[in-house]
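**Q** Give the three-dimensional model of this entry:
(2 chains)
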2 protein chains.
Amino acid sequence: MKTGAQHTDDPAAQPLRSDAERNRGRIIAAGRTVFGRDGLNASMASVAREASVGIATILRHFPAKEELVAAVFLDRMDAYADAVVVALDDPDPWHGFTGYIEAACAMQAADNGFADVLTMNFPTAKALEQRRNEAYEAMVQLISRAKATGRLREDFDPSDLVLLHMANLGVVNACGDAAPDAWRRVVALMIQSFEAPSRGTLPASPEHDALYKAMRRSSPAGATAPAPDKSS
Amino acid sequence: MKTGAQHTDDPAAQPLRSDAERNRGRIIAAGRTVFGRDGLNASMASVAREASVGIATILRHFPAKEELVAAVFLDRMDAYADAVVVALDDPDPWHGFTGYIEAACAMQAADNGFADVLTMNFPTAKALEQRRNEAYEAMVQLISRAKATGRLREDFDPSDLVLLHMANLGVVNACGDAAPDAWRRVVALMIQSFEAPSRGTLPASPEHDALYKAMRRSSPAGATAPAPDKSS
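**A** Numbers count the residues shown, from 1 in each chain, chains lettered A, B, ... in the order given. Okay, here's the model as predicted:
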């Protein structure tokens, strides 16, 4: 985060660059409002209206909607990744595991847009995906530790957390403001179902590639032309 | 279901009435295709295109989208209500209960439109709501019987089935064709979480009125003007 004026060799470039930075910040703030309220299906045009900039300005900063979504939710993804690190520090691995699930699902419930982000992927949004990958690696450790205590069922798979987020999203979306806490009961039931000893075998987890494809198909780029593979 | 020509006092009215019936059938068939493919958000205009009739013809038969949705899914709701009756006949109440859940969630997974119908309500669609109420009454019995055997946790509430359908819808929607069976694992976990003895207390169920409001808000009429209260 840069603040204050910066010197440059070309004084004429200075105000332009500041304008561009201001616009970028404005677009991200508008995206947070619009996606948070309407979910990721909201159009670039609604974000432009909210930011009081033209659609061309948005496209100059974010050529694909996926890039805007990634920029808007990067800080939430940070908070999400941080929650896994906090959970890993818990001296009680099962408590850390369940506390993490509750925290992550609460983040979904609190933000209509981020709820979607957690069940999608964004191959071209390097920074966002890097944070997600870090969170994933930490989560795999969290799961191993919880299994080692014997409290987490042995057949628990990391992909079960993705499925849990999809299920939670269903409850959050269907209930909205009418029953804003209903998801807590479903998540509590799911956590109890994860507890060892298991009460029976489960249908196999979806293949990694299939789940990846599922997360991809519902992402903003999944419904439009793929964004070019470049850093945003 | 009437077949064949019918006599009437006014011979001129006959062809008109047949045309109207033919159109009605065509619109319902088109609705089944379009809602099944695109979900209930599909517009009346898409149904009109699929049926090759004008939008005015659709509106003559179904003044509100809710009425069309109800007509399209009445037979699915019949099948759903029948599944509860079958479950009640099972000599093993727990087996009947879990078998019913699997059957009902499979119906959601098989039909994009019906998946939504199960988590909505349609106050003006009397026939559909009557079938749903019958199914609900039978389900309350099914739950009591399963509790009486000691296999179903005591704090299980009928509204948990609505929440389960919302969660299942989230998984079905997010996975789509990419991981079409992933919902089975989530539903199996949920069923295990319902099994007694419970592994801890749960957050309270949402109030009946709140859940009703949630089901109402996502229904087709929730997003448009309410349809007049009349039989369809």
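**Q** And for the residue in chain A that chain B sits nearest to, the neighbour number?
**A** Nearest residue of chain A to chain B (CB to the nearest CB) works out as A:G170 at 1.9 Å. Heads up, the C-betas are built off the backbone N, CA and C, glycines and all. Other residues near A:G170 come to 29 when the count uses other CB atoms under 10 Å in any protein chain shown.
**Q** what's the nearest residue to it if we skip its chain neighbours?
**A** The spatially closest residue to A:G170, leaving aside those adjacent along the chain, is B:G170, at 1.9 Å (CB to CB, 6 or more residues apart in numbering or on different chains).
**Q** need the contact list for the one you found.
**A** Contacts for B:G170 (CB atoms under 8 Å, 6 or more residues apart in numbering or on different chains) come out as A:M166, A:A167, A:N168, A:L169, A:G170, A:V171, A:N173, A:A174.
**Q** Which strand or helix spans the closest residue to A:E154 other than its chain neighbours?
**A** Residue nearest to A:E154 in three dimensions, not counting chain neighbours: A:K147, with 6.3 Å by CB to CB, 6+ apart. Per DSSP states H and E, A:K147 falls inside helix A:126-148.
**Q** Distance from the helix or strand that that helix is followed by to the middle of the chain?
**A** Downstream of helix A:126-148, the next assigned helix or strand under DSSP H and E is helix A:159-175. Centroid separation between helix A:159-175 and its chain, computed with CA atoms, centre = their mean, to the nearest Å, is 13 Å.
**Q** what about the worst-scoring helix or strand of chain A on mean pLDDT and chain B, any contact?
**A** In chain A, no helix or strand scores lower on mean pLDDT, DSSP states H and E than helix A:112-117, which sits at a mean of 78. No: using CB under 8 Å from any CB of the partner chain, helix A:112-117 never reaches chain B; the gap is at least 9.0 Å.
**Q** residues of that helix that come out buried?
**A** Neighbour-count burial for helix A:112-117 flags A:N112, A:G113, A:F114, A:A115, A:D116, A:V117 (criterion: 16 or more other CB atoms under 10 Å in any protein chain shown).
**Q** got the CA positions of that helix in PDB?
**A** Taking Å, rounded to 0.1, in the frame of the first residue of the first chain, the C-alpha atoms of helix A:112-117 are listed here in PDB:
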ATOM      1  CA  ASN A 112     -22.100 -13.000  -0.500                       C
ATOM      2  CA  GLY A 113     -19.200 -12.700  -3.000                       C
ATOM      3  CA  PHE A 114     -16.600 -14.400  -0.900                       C
ATOM      4  CA  ALA A 115     -18.900 -17.300  -0.300                       C
ATOM      5  CA  ASP A 116     -18.700 -18.000  -4.100                       C
ATOM      6  CA  VAL A 117     -14.900 -17.300  -4.300                       C
END
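**Q** Which strands or helices does it pack on?
**A** The contact analysis (3 or more CB pairs under 8 Å, 6 or more residues apart in numbering or on different chains; DSSP states H and E) places helix A:112-117 against helix A:13-38, helix A:65-89, helix A:93-110, helix A:159-175.
**Q** Quick one: low-confidence residue ranges for chain A.
**A** A:1-16, A:217-232 (pLDDT under 70).
**Q** Try it again at 90.
**A** Applying pLDDT under 90 to chain A flags residues A:1-22, A:35-42, A:64-67, A:70, A:74-81, A:108, A:110-136, A:173-174, A:176-178, A:208-232.
**Q** Not counting its own residues, what contacts stretch A:142-151?
**A** By CB under 8 Å, 6+ apart, the residues outside stretch A:142-151 that reach it are A:84, A:87-88, A:92-94, A:96-97, A:100, A:152-154, A:156, A:158, A:195-196.
**Q** Ok, stretch A:66-82 next?
**A** If you take CB under 8 Å, 6+ apart as the criterion, stretch A:66-82 is touched by A:27-28, A:31-32, A:35, A:40, A:44, A:47, A:58, A:61-62, A:104, A:107, A:111, A:113-114, A:117-118, A:122, A:124-125, A:127-128, A:131-132, A:134-135, A:138, A:219-221, A:227, A:232.
**Q** Now, of these, which are buried?
**A** Buried subset of those (neighbour count, 16+ other CB under 10 Å): A:27-28, A:31-32, A:35, A:40, A:44, A:47, A:58, A:61-62, A:104, A:107, A:111, A:113-114, A:117-118, A:122, A:124-125, A:128, A:131-132, A:134-135, A:138, A:219-221, A:227, A:232.
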